[in-house]
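Trainee: generate a structure from the sequence data that follows.
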Amino acid sequence: MLSSNCYILISKDEATVIDPCIEPDLIVNRVDEYSAKIEKIIYTHAHIDHVYYGDDLKKITGAKTYGHIGDKDLYGNVYKNGAVLFGMNKKFDVYDIELSDNQVFKIGDKQAVVIHTPGHTMGSICIHVNNSLFTGDTLFYESVGRTDLGTGNTDMLIDSIKNRIYTLPEETVILPGHGVKSTVGHERANNPFV
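Mentor: Here you go, the predicted structure:
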């Protein structure tokens, strides 16, 4: 939906889905190819184009959903989750498990770290795994997330990027919520918004 990126991380026989914005059958079929089981569904933030199929995927797989408390009020509000912008009246269940800044969790035998990056929404998070950073709508290739929706704040967004993302090694791969991948080094040198 709306060209959002959905990511599937698989380690050993465990899968984690970040931003379930494509049909659940497509996600499940891909995970089945690796003989893995979906254990976690993580929302980088609570806008409709990133959580759209989360409830359905949870029902099919029994996986738990994860999100940040800063976005708790967005899921059930059609104005704050952005549904009305697309002519929809869609509400979503609030996540099952709350994630907090610097929290560490496992995906199989891999370690993932939550980085709270408020700005696009108050509860926006990035997920850092190995040399990759899943940035949701905080940071894109030579662009940044919009801040004119709901709980957005431009100053907080820029601060999050400068002090939470740009402090990572320059070779860190940026995997955004829309568009193509980049690196921290490229964005630090070329992003005109920061």
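Trainee: residue ranges in the protein under the pLDDT threshold?
Mentor: 1 (pLDDT under 70).
Trainee: residue closest to the middle of it?
Mentor: Closest to where the C-alpha atoms of the chain average out (Cα atoms, centre = their mean) is Thr44, at 2.5 Å.
Trainee: from Gly152, how far out is the nearest residue to it once chain neighbours are set aside?
Mentor: Using Cβ to Cβ, 6 or more residues apart in numbering and skipping the chain neighbours, the partner closest in space to Thr44 is Gly136 (2.7 Å). Where you see a C-beta, it was placed from the backbone N, CA and C, and this is true even at glycine. Remark: distance between Gly136 and Gly152 (Cβ to Cβ, to the nearest Å) = 13 Å.
Trainee: quick one: which of those two has more around it?
Mentor: Gly136 (28 against 18; other Cβ atoms under 10 Å).
Trainee: next, that one: phi, psi?
Mentor: Dihedral pair for Gly136: phi 50, psi -130, per degrees, to the nearest 10.
Trainee: just Val51 next, same as before
Mentor: The phi/psi pair for Val51 (degrees, to the nearest 10) is phi -120, psi 0.
Trainee: residues contacting it?
Mentor: The neighbours of Val51, taking Cβ atoms under 8 Å, 6 or more residues apart in numbering as the test, are 19-21, 43, 75, 81, 92.
Trainee: now the strands for this structure?
Mentor: For the chain, strands defined by DSSP state E occupy the ranges 7-11, 14-18, 37-42, 64-68, 97-99, 104-107, 110-116, 125-129, 132-136, 139-140, 143-144, 173-176, 182-183.
Trainee: now flag whichever of the contacts of Val51 is closest to Thr65.
Mentor: Comparing the contacts of Val51 against Thr65 with Cβ to Cβ places Tyr43 closest, at 6.8 Å.
Trainee: does the residue lying closest to the closest one once chain neighbours are set aside have beta-bridge partners, and which?
Mentor: Closest residue to Tyr43 apart from its sequence neighbours, by Cβ to Cβ, 6+ apart: Gly67 at 4.3 Å. With DSSP bridges applied, Gly67 shows beta-bridge pairing to Glu98.
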